[in-house]
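Q: the following block contains a protein sequence and its predicted model.
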Amino acid sequence: DAGVTQSPTHLIKTRGQQVTLRCSPKSGHDTVSWYQQALGQGPQFIFQYYEEEERQRGNFPDRFSGHQFPNYSSELNVNALLLGDSALYLCASSIGLRTLEQYFGPGTRLTVT
Amino acid sequence: AQKVTQAQTEISVVEKEDVTLDCVYETRDTTYYLFWYKQPPSGELVFLIRRNSFDEQNEISGRYSWNFQKSTSSFNFTITASQVVDSAVYFCALSEAKSGGSNYKLTFGKGTLLTVNP
């Protein structure tokens, strides 16, 4: 039973560039949430996708956008990268919108130079 | 707004010692959920325990136990007889139950780095 997978593992980008991160949820899960974890901090909620729609959003600018595909996988896009976007980006999957159990992936480490 | 505070930044213990991780939370909701997650160096968050706001019964699960006190808004986590493999960053998290029951987003504390030395 495959858990949550994320790609790539590591990524280095330059300020101003755009980046796309990918997440495949755990088998049987249809909801994906994205979190940003800066160094030495706890994860912060970015947004959540269910039925290919953004259902809830945290306090992040519009430069952060996402998408969910019919197979429930998801992408996180960040435009006009800033140095402050350097972080570990975590994807979590769950079933529907009314379950508490969220399973996290290993994350994508993004470094912006 | 929700807030989770973990006052302990780092804790270092010797193997077999008991260790308690502190967590204080703030929320306006009467129904909410509290969690503890473990993050080893690999980066993946691992779910440990969950309690809901209407159940203050404290429990023990193996070497883990927790103390939930609504009166002080605290949700402390104890590892008994710590082991080197327990070394990780531990996060306390809070989730409110929105009306309609949807969208259980998690609000995390800043984490406590636990180092268990042999």
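A: Structure received. Residues are numbered from 1 along each chain as shown, chains lettered A, B, ... in the order given.
Q: contacting residues around B:Glu96?
A: B:Gln2, B:Thr27, B:Asp29, B:Thr31, B:Tyr32, B:Tyr33, B:Tyr104 (CB atoms under 8 Å, 6 or more residues apart in numbering or on different chains). Where C-beta positions appear, they are placed from N, C-alpha and C, glycine not excepted.
Q: confidence score at it?
A: Looking at B:Glu96, its pLDDT is 79.
Q: hey, what's it bridged with?
A: In this entry, B:Glu96 is beta-bridged to B:Tyr32, by DSSP bridges.
Q: separation between it and chain A?
A: 11 Å (CB to the nearest CB, to the nearest Å).
Q: what helix or strand does B:Phe91 sit in?
A: According to DSSP states H and E, B:Phe91 maps onto strand B:88-96.
Q: after that strand comes which helix or strand?
A: As assigned by DSSP H and E, the chain's next helix or strand after strand B:88-96 is strand B:107-108.
Q: could you tell me how many residues sit around A:Gln41?
A: 14 (other CB atoms under 10 Å in any protein chain shown).
Q: buried subset of the contacts of B:Glu96?
A: For those, a burial check counting by 16 or more other CB atoms under 10 Å in any protein chain shown picks out B:Gln2, B:Thr27, B:Tyr32, B:Tyr33, B:Tyr104.
Q: you'd agree the second one is up against B:Gln2?
A: Yes - contact between B:Thr27 and B:Gln2 holds when scored by CB atoms under 8 Å: they sit 5.1 Å apart.
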